[in-house]
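Engineer: let me see the structure of the following:
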Amino acid sequence: IYLTDTTKLIECFIRKQICKMLKPKVIAMRISNKAKPFVIFTRVIYALLIRELKTRFGEHRLGIIWVFMEPLIQLGLFITLLGYILKRVMPNVDYTIFAASGILTWTMFKNVINRGITSIKANQALFAFPHVKPLDAFIARVLLEFLIYSTVYLVIGVALIHLEYQVIFLKPLEFIHLIK
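Structural biologist: The predicted structure follows:
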């Protein structure tokens, strides 16, 4: 009889300790549910950005290399085929800079649109969570693609500057006029 009373006492003590340990977590969850909608939105976007980044590149760094190589290969082909073989260059405009600005912008636009379209279907399982909406998945993926290709654009622009190309548009309206 004494042993069972001690066992019950220990069980009760363990239950109370578990309840004490779980109680702060429940209170913290209640507080986070009362957070402002914009705070919840930014936290969801941040979490989705991290998730998209991990699923896009994972532990393999070949994806990062490919992000830079894809526009460089296209740029090399355009410069070689149109610039040197077919001699289809614009007068008074450096064709390398002209092709780089067009190809990099097109690659960014194409990938942002294509990946943005597939974001809702790819993240459909996450919509079971009350704070995750389809628009959040779309915004996170489009933002990630924009950041990735803006970085690519910047790195290739800096590389062209180091190769002594003039990348600065001194008179952008004249440049637009030349295109027409």
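Engineer: what ranges do the helices span in this protein?
Structural biologist: 2-33, 37-57, 62-78, 95-122, 134-162, 172-179 (DSSP state H).
Engineer: would you turn those into JSON lines with distance to L86 and mean neighbour count?
Structural biologist: Glycine gets a C-beta too; all of them are placed from N, C-alpha and C. As requested, the helices of the chain are exported to JSON lines (distance: least, Cβ to Cβ, whole Å; neighbours: other Cβ atoms under 10 Å):
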{"stretch": "helix 2-33", "distance to L86": "61", "mean neighbour count": "10"}
{"stretch": "helix 37-57", "distance to L86": "36", "mean neighbour count": "14"}
{"stretch": "helix 62-78", "distance to L86": "10", "mean neighbour count": "14"}
{"stretch": "helix 95-122", "distance to L86": "11", "mean neighbour count": "16"}
{"stretch": "helix 134-162", "distance to L86": "22", "mean neighbour count": "17"}
{"stretch": "helix 172-179", "distance to L86": "18", "mean neighbour count": "10"}
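Engineer: distance check, Q166 against R115.
Structural biologist: 33 Å (Cβ to Cβ, to the nearest Å).
Engineer: typed the wrong thing, it's V142
Structural biologist: V142 is 8 Å from R115, by Cβ to Cβ.
Engineer: what count of nearby residues applies to V93?
Structural biologist: Per other Cβ atoms under 10 Å, the neighbour tally for V93 reads 12.
Engineer: low-scoring stretches of this structure, by residue?
Structural biologist: 1-35, 167-172, 174-180 (pLDDT under 70).
Engineer: quick check, central residue of it?
Structural biologist: L144 (1.5 Å; Cα atoms, centre = their mean).
Engineer: surely that one and R51 touch.
Structural biologist: No: counting by Cβ atoms under 8 Å, L144 sits too far from R51 to count as a contact (9.7 Å).
Engineer: okay, how far is it across stretch 76-91, tip to tip?
Structural biologist: 20 Å (Cα to Cα, to the nearest Å).
Engineer: just give me how far it sits from the chain centre.
Structural biologist: Centre-to-centre, stretch 76-91 and its host chain are 33 Å apart (Cα atoms, centre = their mean, to the nearest Å).
Engineer: other residues contacting stretch 37-51?
Structural biologist: N123, L126, H131, V132, K133, D136, A137, I139, A140, R141, L143, L144 (Cβ atoms under 8 Å, 6 or more residues apart in numbering).
Engineer: quick check: the farthest pair among these?
Structural biologist: Using Cβ to Cβ, the contacts of stretch 37-51 reach their maximum pairwise distance at H131 and L144, which is 18.9 Å.
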